[in-house]
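Novice: okay, sequence plus prediction incoming.
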Amino acid sequence: MKRNVLFSTIAATLFSLGMALPAFAQPGVLNTQERGAQINVRSQPSTQSEILHYGVGGDWVAVLDVQESDDGYIWFYVKFDGTNAEGWIRGDFLQLRDYRR
C-alpha cells in the first residue's frame, strides 16, 4: 500500500512539474537488481501491450508522461538519451533523478 502512495505522489509531482514546465522533462535512470538486466519498453502502459524494445539498468531517460493503469502500476512514458527511442516502462524499474547529473 505504501508503494502505491509513493507512486501516486511521484505521479502527481511529475504531472504538476509537466504543467508548470512543459519544456523540461524529468530525468531518470532505469533501475534493475541485476547489472545489465533488460527492461521491456512497451507501446502502451500495460504488461499485455506490445514490447517495442528494451532498456538496460543504468540507461538514462527523460520522463515525458506518467499514468496509473488498471494493473495497479504507475507507468512512465520515456525517451532514451542517445537513441531517442520512446515507450512505456513500469514505474518500479525507474529511479527519478534531479536535473543535475
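Specialist: Perfect, thanks for sending it.

Novice: so H53, which of the three states?
Specialist: Under DSSP: H, G, I helix; E, B strand; the rest coil, the three-state class of H53 is strand.

Novice: what distance separates stretch 77-88 from the centre of its chain?
Specialist: The gap between the average C-alpha position of stretch 77-88 and the chain average comes to 10 Å, counting by Cα atoms, centre = their mean, to the nearest Å.

Novice: repeat for stretch 45-64
Specialist: Between the mean C-alpha point of stretch 45-64 and the mean C-alpha point of its chain there is a distance of 7 Å (Cα atoms, centre = their mean).

Novice: centroid-nearest residue for the protein?
Specialist: Central residue check for the chain by Cα atoms, centre = their mean: the C-alpha nearest the mean position is that of F76, 3.4 Å away.

Novice: check which helices and strands the helix or strand containing that one is in contact with.
Specialist: Counting by DSSP states H and E, the secondary-structure element that holds F76 is strand 74-80. Counting by 3 or more Cβ pairs under 8 Å, 6 or more residues apart in numbering; DSSP states H and E, the packing neighbours recorded for strand 74-80 are helix 2-20, strand 60-68, strand 86-90. In short, each C-beta sits where N, CA and C put it, glycine included.
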